[in-house]
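# Show me the folded form of this:
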Amino acid sequence: MTVKLTAKLALVLALALAAGVSSRTFAQDMPGAKTRAEVQAELLDAERTGNILAPGNSGKMLNELYPERYPAKPATQGLTHAEVQAQLLEAERSGDILAPGNSGKMLNELYPERYPAKPAMQGLTRAEVREQLLDAWRRGDSVLLENSGNDYPSHAMARPRPRME
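Okay, here's the model as predicted:
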């Protein structure tokens, strides 16, 4: 019985040691990984400024619950009155204002005939999309078709259709 227990204990210790070594190696190899000192400095700064989640279910930070205990956050520069007025005029002109009622839609969505059409975004041509798709297949990227749920048939890669130009 002690032999089985000792063997199990040795196995558990070996697995724990392997996991610990691999996690340290993994953390050191990660790009942008922080050092212990950097993490400790960030924690001290968060404690100093109150940027730590308050205990309980409030979902607020300590500096939100007790602003008098922490230094004030620096004020950010807002928009000028003229800039706000210009944005409002542009939104009224284009219909990018929430429509009254409970629809949750913009005025230009409810009444598109009253507002200028938004310029169409320049997309890819059919040939460009096809070329990207063929490149993905050549690289071995898995591309799924929405309706079928299957990968594109392998014979399509062997014989791509000639380009129509």
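
# Run a quick neighbour tally on Leu65.
By other Cβ atoms under 10 Å, the residues close to Leu65 number 14. From N, CA and C alone the C-beta is placed, and that goes for glycine too.

# Could I get the contacting residues of the closest residue in space to it that isn't next to it in sequence?
Nearest residue to Leu65, sequence neighbours excluded (Cβ to Cβ, 6 or more residues apart in numbering): Ala54, at 5.2 Å. With contact set as Cβ atoms under 8 Å, 6 or more residues apart in numbering, Ala54 has these partners: Lys60, Met61, Leu62, Glu64, Leu65.

# now Ala54: how far from Glu64?
For Ala54, the distance to Glu64 (Cβ to Cβ, to the nearest Å) stands at 8 Å.

# Arg138 too?
From Arg138 over to Glu64 the distance is 52 Å, taken as Cβ to Cβ.

# What of Thr125?
50 Å.

# so the residue nearest to the spatial centre of the chain, which of the three states?
Nearest to the mean C-alpha position of the chain, by Cα atoms, centre = their mean, lies Gly32 at 17.4 Å. Recorded secondary structure, Gly32: coil (DSSP: H, G, I helix; E, B strand; the rest coil).

# Domain parsing of the protein, as residue ranges.
The chain breaks down by automatic domain parsing into domains covering 84-114, 126-158.

# Show me where this structure dips below the pLDDT cut-off.
Residues of the chain meeting the criterion pLDDT under 70: 1-5, 7, 9-11, 13, 17-31, 142-165.
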